[in-house]
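Enquirer: sequence first, predicted model second:
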Amino acid sequence: MQSELSFYSQELRKGKVILYPTDTIWGIGCDATNQSAVDYVYSVKKRDRNKPCILLVESIDHLKKYVKEIHPRIENLLLFYNKPITIIYQANETLHPSLLNEDGTIAIRLIKQDFCSKLIAHLGRPIISTSANIQGEPFPQSYDEISESIRRGVDLIVDRKFESQTNSQPSIMLSFDKSGELKFIRS
């Protein structure tokens, strides 16, 4: 797997857009620090620029580089809850404004799936992710359901052998207030 991780991370550093299996569903993604690649992801998906993508990180330390704070309750949740959770945080100044919601927040998921986690660690940067479908269409539950226009639109398709690590459902999405109380946005 190490040689594959090297290859994919090199391609991401070059600004390539990938189609890849995440811990939830197949996604379209790129190096979150490469603005032209981010723009291309929006183009492939035909996504409204007012709908930010999520950021994928591989560790709590990595997450802390991009957010203003993580309530201790949330950190414990991330450490011990095994299902994919996307949480909306107040972003810090390190992220490009185009990645953020109008209120300065960003949705970030701590990836625990082996392939994505190792890819992000190898890259050393977060990856943006959005479902592998044209905006407004149903999300694909497997690679075979991904449209040809998406497949043709990306630069690189990750080997399907990693698909077994997906669970075919979007993540739970939530936000939290100053006291750490959770508000479910998508369950």
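Expert: Structure received. Numbering: from 1, shown residues only.
Enquirer: strands of the chain, residue ranges please.
Expert: In the chain, the strands defined using DSSP state E lie at 18-21, 26-31, 54-57, 85-90, 105-110, 127-131, 156-157, 172-176, 182-186.
Enquirer: do you know the pLDDT at Ile54?
Expert: Looking at Ile54, its pLDDT stands at 95.
Enquirer: report the contact partners of it.
Expert: Listed by C-beta atoms under 8 Å, 6 or more residues apart in numbering, the contact partners of Ile54 are Thr86, Ile106, Ala107, Ile108, Arg109, Ile128, Ser129, Thr130. Every residue, glycine included, has its C-beta placed from N, CA and C.
Enquirer: tell me how far stretch 39-49 lies from the chain's centre.
Expert: Centre-to-centre, stretch 39-49 and its host chain are 14 Å apart (C-alpha atoms, centre = their mean, to the nearest Å).
Enquirer: using CSV, write down the CA coordinates of that stretch.
Expert: In CSV, the C-alpha atoms belonging to stretch 39-49 read as follows (Å, rounded to 0.1, in the frame of the first residue of the first chain):
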residue,chain,number,x,y,z
ASP,A,39,-12.3,24.9,-8.1
TYR,A,40,-12.1,22.0,-10.4
VAL,A,41,-13.9,19.7,-7.9
TYR,A,42,-16.8,22.2,-8.0
SER,A,43,-16.7,22.1,-11.8
VAL,A,44,-16.8,18.3,-12.0
LYS,A,45,-19.7,18.1,-9.5
LYS,A,46,-21.5,21.1,-10.9
ARG,A,47,-21.7,22.2,-7.3
ASP,A,48,-22.9,25.6,-6.2
ARG,A,49,-19.9,27.6,-4.8
